[in-house]
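1. I would like to see how this sequence folds:
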Amino acid sequence: MPFLIAAPGVPKGNSLPILAQPIDFLPTVCELAGVQINPPDSIHGESFADALRSGSGHHRDVAVSGCFIRSSENGSVPRKATTPFLTITKWGYAPVGANGAPELYDLTVDPLAAEDVSADNEGVVREMHDLLVSYLKEYDAPEGALKCWGRNPRLNGDGSWAIDYGDETH
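-> Just a heads-up that it's a prediction; the model follows:
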């Protein structure tokens, strides 16, 4: 997703293909503005201001977006939830797609993630799922999140995790 930033010291009209996450926004803007922050608790966001100023560089190997959810006691996903979406330079991965099975996208040829290629890349699906679980552990995700997303990928999912949001009668 494009993210536009204009700030003193940031070259105009430059495009920088780096991976960043929403949690990186606060430390980046603060650094660009020259503001020091001392939050009461540590934050996981990392500034990418240096890459913006230089017009090149690397920021993250992995970016995850989605929402925070907790599973129920039995590990099931809540009725309404958004699956995390893990991105690396080549691949985009959703552990639970619209039909309940994982979805995988080759972002080098499909940057809008329109064509699921998981059926032809089960090994990559497993690698991406392992990467998601490692990411959750690295950032001290609560046990409920690990319980919910930490299971093996549901290759050939039966749709049990997909919910028709238009039908409130379930």
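
2. in the chain, what spans have low per-residue confidence?
-> 1-2, 67-82, 152, 154-170 (pLDDT under 70).

3. List the buried residues in the biggest helix by length in it.
-> Ranked by residue count, the top helix of the chain under DSSP state H comes out as helix 122-138. Within helix 122-138, the residues that count as buried by 16 or more other Cβ atoms under 10 Å are V124, V125, E127, M128, H129, L131, L132, V133, Y135, L136. (Each C-beta comes from the backbone N, C-alpha and C, glycine too.)

4. closest to K12 among those residues?
-> Of all those, K12 sits closest to Y135, with 33.5 Å by Cβ to Cβ.

5. what's that closest one in contact with, if anything?
-> Y135 makes contact with V62, V64, L86, according to Cβ atoms under 8 Å, 6 or more residues apart in numbering.

6. so can I have JSON lines of those showing secondary structure, distance to V109 and neighbour count?
-> Rendered in JSON lines, the data for the contacts of Y135 read as follows (DSSP: H, G, I helix; E, B strand; the rest coil; distance: Cβ to Cβ, whole Å; neighbours: other Cβ atoms under 10 Å):
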{"residue": "V62", "secondary structure": "coil", "distance to V109": "20", "neighbour count": "16"}
{"residue": "V64", "secondary structure": "strand", "distance to V109": "22", "neighbour count": "19"}
{"residue": "L86", "secondary structure": "strand", "distance to V109": "18", "neighbour count": "22"}
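
7. now the residues you listed as CSV including distance to D50?
-> Converted to CSV, the contacts of Y135 look like this (distance: Cβ to Cβ, whole Å):
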residue, distance to D50
V62, 19
V64, 22
L86, 24
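
8. Tell me the one of those nearest L146?
-> Minimum distance to L146 across these is 13.6 Å, recorded for V64 (Cβ to Cβ).

9. Quick one: end-to-end distance for stretch 104-118.
-> Taking Cα to Cα, to the nearest Å, stretch 104-118 runs 5 Å from one end to the other.
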